[in-house]
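output the structure for:
(4 chains)
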Number of protein chains: 2
Amino acid sequence: MLSQALSSSYSPVRPVAQARRSGALAPRTLHEHFSLAPIRAIAAKEHAFTEGDPRLQLYRVEAGAICLYKVMPDGRRQVLGFAYPGDLIGLGACDLHHCNAQATKPSQLRSIPWSAVQRVARHDPALGLRLYEAISLELAAAHDLLLTTGQRSAVERVATFLLAMARRSQRNGQDATVIDLPMTRADIGDFLGLTIETVSRTFTKLRQLKIIDLAQSARVRILDCGALRGLAEGDAGL
Amino acid sequence: MLSQALSSSYSPVRPVAQARRSGALAPRTLHEHFSLAPIRAIAAKEHAFTEGDPRLQLYRVEAGAICLYKVMPDGRRQVLGFAYPGDLIGLGACDLHHCNAQATKPSQLRSIPWSAVQRVARHDPALGLRLYEAISLELAAAHDLLLTTGQRSAVERVATFLLAMARRSQRNGQDATVIDLPMTRADIGDFLGLTIETVSRTFTKLRQLKIIDLAQSARVRILDCGALRGLAEGDAGL
DNA sequence: CGAACCATTGACCACCTTCAATGCGAGTGG
DNA sequence: CCACTCGCATTGAAGGTGGTCAATGGTTCG
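Here you go, the predicted structure:
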């Protein structure tokens, strides 16, 4: 969910972390704490935590992709977002988690207890502010998604989603025109407030319009980014 | 938007604030800062700030109601939430406001510069954490709204909205069965991702079912709270 | 190779939107 | 004081978008 707000240059392993792990230094920053924590592997469809669980740990995604979602009593599901390597999950102020976190594919997590976060925060006035900055990015993302699910048509939603995924690719220094989707159509549908069928049909429509290419169902190649941008904002018909 | 996360007992005027205003003490907490700030009155439909404005001030609503919303280039609008007396608006980490804040009726605001917030935060490690707690409540609200706009039907959305308003009434020690709506049908529609007409039709449907009473269009009386709760979660048909 | 899961496609229909007209209430000016 | 007007709410009729149900196809894993 969250990106690099807490450390401008995230990398899975850093020399200083190894020094700390050796016992030479005590962990002082959040990410030093994380680097000392063991990696926990979780299988596809396994949960890191579920709604109502006590909020005991703060997690950082090391590999894979985590789907954050809420469910209604009758089973309807709203995906709130996806967390990728470097993102923090489990942020929040209440005692209990207010959503579920499920791996969409085999993933790896590290976690540190909230008590440790609070201990660091007591000595470091800046940490609280940085947590605040981190979660405010999540809030902005939620507001963007709200605009999408509340106002956009199916094509606009899917186009918006693809553009966001492309931007993510680009931020990670990868080819922005090729997107490997780590989630199913059901995840995308529940994210955008659409059914599996509508998502699928919309992908097909974009393919027929030669805006995307779909060699495999999980691999999207953007052929006409300008057209995609136009569709996302509702420029033209369809 | 935000309620009492930053001070468990909000009240417009407090004795200590008057002492500080007299110059005897320097402001130390956020709400002391606010109490020193002058009240700014804004008319209905006037904006406190708009999207893209530099984020210079943190606002507290003193009276009235503020509508927070985003707009698309073509004019479609998504209301993110409503802020009432005691709520803070203008929270966030970016340099610019990411949404618009417009009064739905004549309102009053106080504001303090962000620089003052940051000054306090440097000496008070707890402030950052409390800002974090405050904004995480907003995030939870956004996620709830996401579930509503993404998954619920029109009746379910309106029922959910009315129940949330009733809960607010109750928190303020007012009659939870009577809701005075400070916003128009358009505001409600853009909040729930529905059109004005659908909101109106849904209100009449609830009235015909004897679940609510609508003496005036801005005053809702809840007659059957249980039925409303049922509708909100999609228990029965319609 | 078979089974399970996921994605795609088609047909039909319900819900909500769109377009349009009427009603209602508040504020203004004659 | 009343008529006028403007903004907002309500109601109706028609149409479209996306949902539902169902069948087929494809891929991966055991």
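
only C-alpha atoms for contact and neighbour calcs from this point on.
Noted.

is the helix ranked longest in chain A anywhere near DNA strand C?
Identified as the longest helix of chain A according to DSSP state H is helix A:125-151. No. Applying C-alpha under 7 Å from any atom of the strand, one finds helix A:125-151 out of contact with DNA strand C, separated by at least 8.2 Å.

got the residues of chain A near DNA strand D?
A:152-155, A:193-195, A:197-198, A:216, A:238.

pick the one among the residues you listed closest to residue B:82.
Of all the residues of chain A next to DNA strand D, residue A:152 has the smallest distance to residue B:82: 21.3 Å, by C-alpha to C-alpha.

the longest helix of chain A and chain B in contact?
Yes. Helix A:125-151 lies within reach of chain B by C-alpha under 8 Å from any C-alpha of the partner chain, at A:125-133, A:135-140, A:142-143, A:145-147, A:149-151.

picking up where we left off before, farthest pair within the residues of chain A next to DNA strand D?
A:152 and A:216 (26.4 Å).

same drill for these two, tell me which one is more crowded.
residue A:152 (20 against 9; other C-alpha atoms under 10 Å in any protein chain shown).

could you measure from that one over to residue A:208?
21 Å (C-alpha to C-alpha, to the nearest Å).

and for residue A:80?
Residue A:80 is 29 Å from residue A:208, by C-alpha to C-alpha.

which of the two has more residues huddled nearby?
The neighbour comparison of residue A:80 against residue A:208 (other C-alpha under 10 Å) goes to residue A:80, with 27 against 11.

how near is that one to residue B:147?
From residue A:80 to residue B:147 the distance is 8 Å (C-alpha to C-alpha).

what touches both of the two?
Jointly contacting residue A:80 and residue B:147 under the rule C-alpha atoms under 8 Å, 6 or more residues apart in numbering or on different chains are residue A:70.

tell me the pLDDT at the residue nearest the centre of chain A?
For chain A, the residue nearest the mean C-alpha position is residue A:83 (2.3 Å; C-alpha atoms, centre = their mean). Confidence at residue A:83, expressed as pLDDT, is 97.

wait, isn't it in contact with residue A:101?
No. Using C-alpha atoms under 8 Å, residue A:83 makes no contact with residue A:101, being 9.1 Å away.

what do these two both touch?
A:66-68.

mind putting those residues in JSON lines, distance to DNA strand C and pLDDT included?
Converted to JSON lines, the shared contacts of residue A:83 and residue A:101 look like this (distance: C-alpha to the nearest atom of the strand, whole Å; pLDDT from 0 to 100):
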{"residue": "A:66", "distance to DNA strand C": "14", "pLDDT": "98"}
{"residue": "A:67", "distance to DNA strand C": "13", "pLDDT": "98"}
{"residue": "A:68", "distance to DNA strand C": "16", "pLDDT": "98"}
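
neighbours around residue A:123, how many?
Counted with other C-alpha under 10 Å, residue A:123 comes out at 12.

and the gap between it and chain B?
7 Å (C-alpha to the nearest C-alpha, to the nearest Å).

ok, residue A:57 next?
Taken as C-alpha to the nearest C-alpha, the span from residue A:57 to chain B is 16 Å.

what of residue A:185?
For residue A:185, the distance to chain B - C-alpha to the nearest C-alpha - is 16 Å.

let me know the pLDDT of the residue lying closest to that residue once chain neighbours are set aside.
In this structure, residue A:185 finds its nearest non-sequential neighbour in residue A:196, 5.5 Å apart by C-alpha to C-alpha, 6 or more residues apart in numbering or on different chains. With respect to pLDDT, residue A:196 scores 98.

ok, now residue A:27?
For residue A:27, the model assigns a pLDDT of 65.

over to the one 4 residues further on?
As predicted, residue A:31 sits at a pLDDT of 83.

so it sits in a helix?
Yes. Counting by DSSP: H, G, I helix; E, B strand; the rest coil, residue A:31 falls inside a helix.

now stretch A:86-106: mean pLDDT?
The model assigns stretch A:86-106 a mean pLDDT of 96.

low-confidence stretches in chain A?
Residue ranges of chain A with pLDDT under 70: A:1-28, A:236-238.

tell me the strands in it, going along the chain?
Using DSSP state E, the strands assigned to chain A run over residues A:40-42, A:47-49, A:57-63, A:66-71, A:77-83, A:88-89, A:100-103, A:107-113, A:178-180, A:212-216, A:219-222.

the second one and DNA strand C, are they touching?
This means strand A:47-49. No. Taking C-alpha under 7 Å from any atom of the strand as the criterion, strand A:47-49 and DNA strand C are apart, separated by no less than 14.3 Å.

strand partners (parallel or antiparallel) of that strand?
strand A:100-103 (antiparallel) (DSSP bridges).

residues in contact with the strand it pairs with?
Contacts for strand A:100-103 (C-alpha under 8 Å, 6+ apart): A:42-51, A:64-70.

cool, stretch A:150-162 as well?
Outside stretch A:150-162, the residues that reach it (C-alpha under 8 Å, 6+ apart) are A:148-149, A:179, A:192, A:194, A:198-199, A:202-203, A:228-229, A:231-234, A:238, B:76-78, B:149-150, B:190-194.

in PyMOL, select just the buried ones from those.
Only the buried entries of the contacts of stretch A:150-162 go into this PyMOL selection, using 16 or more other C-alpha atoms under 10 Å in any protein chain shown:
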select buried, (chain A and resi 148+149+179+192+194+199+202+203+228+229+231+232+233+234) or (chain B and resi 77+78+149+150+190+191+192+193+194)
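
burial count for residue A:68?
Applying other C-alpha under 10 Å, I find that residue A:68 has 28 neighbouring residues.

pretty sure it is in contact with residue A:77, am I right?
No. Residue A:68 sits out of contact with residue A:77 when judged by C-alpha under 8 Å, with a separation of 10.3 Å.

and the buried ones among the contacts of strand A:100-103, selectable in PyMOL?
Buried members of these can be picked out in PyMOL with the line below, counting by 16+ other C-alpha under 10 Å:
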select buried, chain A and resi 42+46+47+48+49+50+51+64+65+66+67+68+69+70
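
residues touching residue A:163, list them.
Counting by C-alpha under 8 Å, 6+ apart, the residues that residue A:163 touches are A:228-229.
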